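Peer 1: build the 3D model from these lines:
(2 chains)
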Amino acid sequence: MQRTAPLAPYALVMPGFLLAAFIVLWPLYQLGVISTSEVNRFGQLRGFAGLENYVAVFTDPDFIGALWRTLIWTFGIVFGALAVSFPVAMILHEDFYGRGVARVIVMLPWAVSITMTAIVWRWALNGESGMLNSGLKNLNIIDTNIQWLAQAATAFPVQIMIGILVTVPFTVTIFLGGLSSISGDLYEAARLEGSSPLQTFRKITFPLMRPFVNIAVVLNTIYVFNSFPIIWATTQGGPANSTDILVTYLYKLGFRFGKLGEASALSLMMFALLLAFTILYVYLASREVRE
Amino acid sequence: MSAKLKRTVIAWAVLSPLVVVTLFPFAVMLITALKPPTEVLTPNWVPSRLAWENFVSMWSATNFGPALWNSIYVGVLSTAIAIAVSIPFAYALNRFDFGAKGFLRQFLLVTQMLSPIVLVIGLFRIAAALGLIDNVNSVVLVYGAFNIAFTVWMLQSYFATIPRDLEEAAWLEGASHASALVRVFLPLAVPAITVTAIFSFIQAWNEFVIALTMLRRQESYTLPIQIFSLVAGRYTVEWHHVMAASLVATIPVAIIFAWLQRYLVRGLGVGAVK
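Peer 2: Take a look at the predicted model:
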């Protein structure tokens, strides 16, 4: 360790720290000011408004709908991805023919931008010319075209499915890291003791994978809660706001309806929620490091 | 049947639904991009011929060139900014012992998790105050600053693997700290810096919300916004052009990403949480 110049590290850190702090703190300050002001639709501040904007957000039925849908969205994708990723990771951890190819295919969605994935799905889900309908018809699963994105009852579940698909690669990666950290000796010992595969899973694999599951759940919750492109590029929250989640509702509030005050209030509330989750993640991550 | 063969059958059987659903959008993208324009609206799986000329007509029909240039400009410049300030930052975190270290690590972890979307209104106002709306430089600034947390984190986890002995040997031979840094440390850090820079570039390449907010005129669109603008709010969409453009915008970056993915996992330490 160098101890010659006590201020040297601060000088090295400063430009990066200032820039990274500026891009977070200055917008936060702006949001604080706007959210407690009366704002016209051109963004001019018209005096102090107290908590009016916050109240306005909570009394908007579209907000309640979006909030509710955000819960379903986040919960559905995080646990859907978990349910798919755990067995997939266990299989990919085994030795079988074509494992390299299988890994590449499973990881593929991670390599493509989510916006592009969503645009391709938008086309594949097209009611008249989409290849999903034609594929399902060829397989005799459906006999009339389904207008997937024209109604919330099909659009939202399909969007959640796309969300699960793009979340699986990251989750599988975490789990593969976890599985490879479990010592082979433990399995060897279990086998010698005559443990059945199910017992081995319950007594060894699952408990040792717990920290990785926790990390995956918290990180995915943060990512999914903030995920904007899937919904925006497929339906833009439509038809009639029926697939809006908080982030798309926030965007409409701010940049379509020109309600900047309410949008800022919502931003700050979401920021606070996100911060709480991030602190939970930092806590979990540092606890795992210590153990 | 050998044990491995049996495992193989079971493994592929269990994986097959996921494999089909994963490959389906890629098949749709590729097939549509290669369909003759007259067949695009008929959802058949095999085009009558492969219409490679779609890629040529797409170039001007989708304004691909300028958007490609904007994406490259934004990706390169924002990455240069982030890397330039992150190298000294990561070096200090790694080679010095100082009071604020713990705080800085937590600060990085937290900012890395923050999504720009909750700050987008504030960011828009900064850009407006600086007169940078509709200007790709606004996006450069935001991406550069937001990527710092990620680049510092990646760099410092790799810097930790570069042995100190070499720098210490250079000091003993009379080199100053600065010249030891430039002559000994940085050459060893080039691979780490390259990999980190590529990921920073890919993030900028793929970003959507900030670009959608800041860039309102076609001249300033980056590729994701340009392609999205061909789809959203239009009565007729030239899907063969859109898919050809998506393919060209996606595939080179996807290949590089797939190739370097293991470094991302290792650098972020997610695979190493023990």
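Peer 1: centroid-nearest residue for the chain?
Peer 2: All of this refers to chain A. residue A:224 (1.6 Å; Cα atoms, centre = their mean).
Peer 1: I was thinking of chain B, sorry if that wasn't clear
Peer 2: So for chain B, Cα atoms, centre = their mean, it's residue B:202, sitting 1.7 Å from the centre.
Peer 1: wait, what's in contact with it?
Peer 2: Residue B:202 makes contact with B:75, B:253, B:256, B:257, according to Cβ atoms under 8 Å, 6 or more residues apart in numbering or on different chains. For every residue, glycine as well, the C-beta is placed using N, CA and C.
Peer 1: could I get the full set of helices for the stretch 51-200 of chain B?
Peer 2: B:53-61, B:64-95, B:101-113, B:120-129, B:136-159, B:165-172, B:177-180, B:186-206 (DSSP state H, counting those that start in this stretch).
Peer 1: for residue A:201, see how far away the residue in chain B that chain A sits nearest to is.
Peer 2: Here chain B gets closest to chain A at one residue, residue B:122, 2.5 Å apart by Cβ to the nearest Cβ. Separation of residue B:122 from residue A:201 (Cβ to Cβ, to the nearest Å) stands at 48 Å.
Peer 1: of those two, which one has the most company?
Peer 2: residue B:122 (26 against 15; other Cβ atoms under 10 Å in any protein chain shown).
Peer 1: leaving out sequence neighbours, find the closest residue to the more buried one.
Peer 2: residue A:27 (2.5 Å; Cβ to Cβ, 6 or more residues apart in numbering or on different chains).
Peer 1: how far off centre is the worst-scoring helix or strand of chain B on mean pLDDT?
Peer 2: Between all helices and strands in chain B, the lowest mean by mean pLDDT, DSSP states H and E belongs to helix B:177-180, at a mean of 82. Relative to its parent chain, helix B:177-180 has a centroid offset of 32 Å by Cα atoms, centre = their mean, to the nearest Å.
Peer 1: which strands and helices sit next to that helix?
Peer 2: The contact analysis (3 or more Cβ pairs under 8 Å, 6 or more residues apart in numbering or on different chains; DSSP states H and E) places helix B:177-180 against helix B:165-172.
Peer 1: quick one, the helix it packs on and helix B:64-95 angle?
Peer 2: Orientation of helix B:165-172 against helix B:64-95 (axes from the mean of the first three to the mean of the last three Cα atoms, to 10 degrees) gives an angle of 70 degrees.
Peer 1: and helix B:165-172 with chain A, contact?
Peer 2: No: for a cut-off given as Cβ under 8 Å from any Cβ of the partner chain, helix B:165-172 has no contacts with chain A; the smallest distance is 9.0 Å.
Peer 1: buried stuff in that helix?
Peer 2: Buried residues in helix B:165-172, counted by 16 or more other Cβ atoms under 10 Å in any protein chain shown: B:167, B:170.
Peer 1: go on, stretch B:35-44?
Peer 2: The neighbour-count check on stretch B:35-44 (16+ other Cβ under 10 Å) flags B:35, B:39, B:40, B:43 as buried.
Peer 1: what's the average pLDDT for it?
Peer 2: Averaged across stretch B:35-44, pLDDT comes to 88.
Peer 1: output that stretch as CSV, nothing but the C-alphas.
Peer 2: Taking C-alpha atoms only, stretch B:35-44 is exported to CSV below (Å, rounded to 0.1, in the frame of the first residue of the first chain):
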residue,chain,number,x,y,z
LYS,B,35,-38.9,-12.5,-47.9
PRO,B,36,-39.7,-10.7,-51.2
PRO,B,37,-41.8,-7.6,-50.3
THR,B,38,-45.0,-9.1,-51.9
GLU,B,39,-44.9,-12.1,-49.5
VAL,B,40,-44.2,-10.3,-46.3
LEU,B,41,-47.9,-10.1,-45.3
THR,B,42,-48.5,-13.8,-46.0
PRO,B,43,-47.3,-15.7,-42.9
ASN,B,44,-45.7,-18.6,-44.6
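Peer 1: do it and chain A meet at all?
Peer 2: Yes: for stretch B:35-44, a contact with chain A is found by Cβ under 8 Å from any Cβ, at B:40, B:41, B:42, B:43, B:44.
Peer 1: contacts for that stretch?
Peer 2: Applying Cβ under 8 Å, 6+ apart, the contact partners of stretch B:35-44 are A:128-131, A:133-134, B:32, B:47-49, B:51, B:54, B:238-240.
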